[in-house]
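> below: sequence and its predicted model.
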Amino acid sequence: MVDSKVRVMSSDEFAAIDTIVLAFAADPMARWSWPGQTQFLRALPRLSRAFGGEAFAAGSAYCVGDYVGVALWLPPGIEPDEERLGEVFQSTVEPSRLESISAIVGEMAKYHPQEPHWYLPLIGVDPMHQGRGHGDTLMTFALERCDRDRVPAYLESSNPRNMSLPATRLRTARGNSGRIVTSDCADAAPDSVVIGSRGDRSVAAERLPDEVESAFADDVCRRRAVA
């Protein structure tokens, strides 16, 4: 039986990053960005540290059990390392995809809260242990702190399956009010980028630019035709 107690990680623990990599192995946007196995496995650890690594020093990197689930939260005033993120994308993503990724990141940035807030760049559960409530345990642990401090929380998700928390815990912008990356190709991925917020206001969002949607649809359909 897996220990469901949440603990705070005090250092960049390799096992925690490994869990994030495993959890994102089938993430639509991550695998569109890095479709090759080796490409993905080399990029994700670097991306994870640049995106959420500051959580370790801030005392807001949490795990459940023996790293079966991990959440890297950034407290108010601490942001992802934009310079390192840029370096990761430039050195690991195929040039033909960089423009689309830049457009997506730019659109997401428009809706990032300006007031002090907690930001969740990364949360993941080992696929062997998914569906057992570990993600919910990690979210509850962190959101209780947000509630105590009366500070809003914010996240984005490129995988709609991850946005199943009760509405009383996390408001999400979906459908016509959410940013949805669509495709005419059946089962194409990534299929959406969903915004979530918790606090005094919800996050309004708009559709991504048509050229970004088309880039995803054309690429995925082309890869499926070849397969």
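Nice, I can see it.

> once you drop chain neighbours, what's closest to residue 138?
residue 71 (4.2 Å; CB to CB, 6 or more residues apart in numbering). No exception for glycine: its C-beta is placed from N, CA and C like everyone else's.

> which stretches of the chain have low pLDDT?
Per-residue confidence for the chain (pLDDT under 70) gives these ranges: 1-3, 12, 159-227.

> now the residue nearest to residue 133 when sequence neighbours are not counted: how far from residue 82?
Nearest-residue entry for residue 133: residue 4, 7.5 Å, with adjacent residues in sequence omitted and distances by CB to CB, 6+ apart. As judged by CB to CB, to the nearest Å, residue 4 and residue 82 stand 35 Å apart.

> what does residue 131 give?
34 Å.

> which of those two has more neighbours?
Neighbours per residue, other CB atoms under 10 Å: of residue 131 and residue 82, the larger number sits with residue 82, 12 against 8.

> any idea how far that one is from residue 121?
Counting by CB to CB, the gap from residue 82 to residue 121 is 12 Å.

> only alpha carbons, please: show the lengthiest strand in the chain as PDB.
Once the chain is assigned using DSSP state E, the strand that runs over the most residues is strand 118-125. The C-alpha trace of strand 118-125 is given here as PDB (Å, rounded to 0.1, in the frame of the first residue of the first chain):
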ATOM      1  CA  TRP A 118       0.600  30.600  -6.300                       C
ATOM      2  CA  TYR A 119       1.400  29.000  -9.700                       C
ATOM      3  CA  LEU A 120       1.500  25.300 -10.400                       C
ATOM      4  CA  PRO A 121       3.700  24.700 -13.400                       C
ATOM      5  CA  LEU A 122       4.100  20.900 -12.900                       C
ATOM      6  CA  ILE A 123       2.100  18.100 -11.300                       C
ATOM      7  CA  GLY A 124       2.300  14.500 -12.200                       C
ATOM      8  CA  VAL A 125       1.700  10.900 -10.900                       C
END
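
> that one pairs with which strands, parallel or anti?
strand 69-74 (antiparallel), strand 153-157 (parallel) (DSSP bridges).

> got the buried residues for the very next helix or strand once past it?
The element immediately downstream of strand 118-125 (helix or strand, assigned by DSSP states H and E) is helix 134-149. Applying a neighbour-count criterion of 16 or more other CB atoms under 10 Å, one finds 134, 135, 137, 138, 139, 141, 142, 143, 146 buried in helix 134-149.

> just checking, what packs against helix 134-149?
strand 6-9, strand 61-64, strand 69-74, strand 118-125, strand 153-157 (3 or more CB pairs under 8 Å, 6 or more residues apart in numbering; DSSP states H and E).

> just say which of these is most tucked in.
strand 69-74 (a mean of 28; mean count of other CB atoms under 10 Å).

> helix or strand next in line after it, which one?
Going down the chain from strand 69-74, the next helix or strand is helix 82-92, by DSSP H and E.

> show residues contacting that following helix.
The contact list for helix 82-92 (CB atoms under 8 Å, 6 or more residues apart in numbering) reads 33, 34, 39, 42, 43, 46, 47, 49, 50, 51, 98, 101.

> I'd guessed the first one sits against residue 101; true?
So that's residue 33. Yes: using CB atoms under 8 Å, residue 33 and residue 101 qualify as a contacting pair, with a distance of 6.1 Å.

> residue 81 contacts residue 50, doesn't it?
Yes: counting by CB under 8 Å, residue 81 touches residue 50, with 4.7 Å between them.

> which one's more surrounded, these two?
Using other CB under 10 Å as the criterion, residue 81 and residue 50 rank with residue 50 on top: 20 against 15.

> got phi/psi on the more buried one?
Backbone dihedrals for residue 50, given as degrees, to the nearest 10, come out at phi -70, psi -40.
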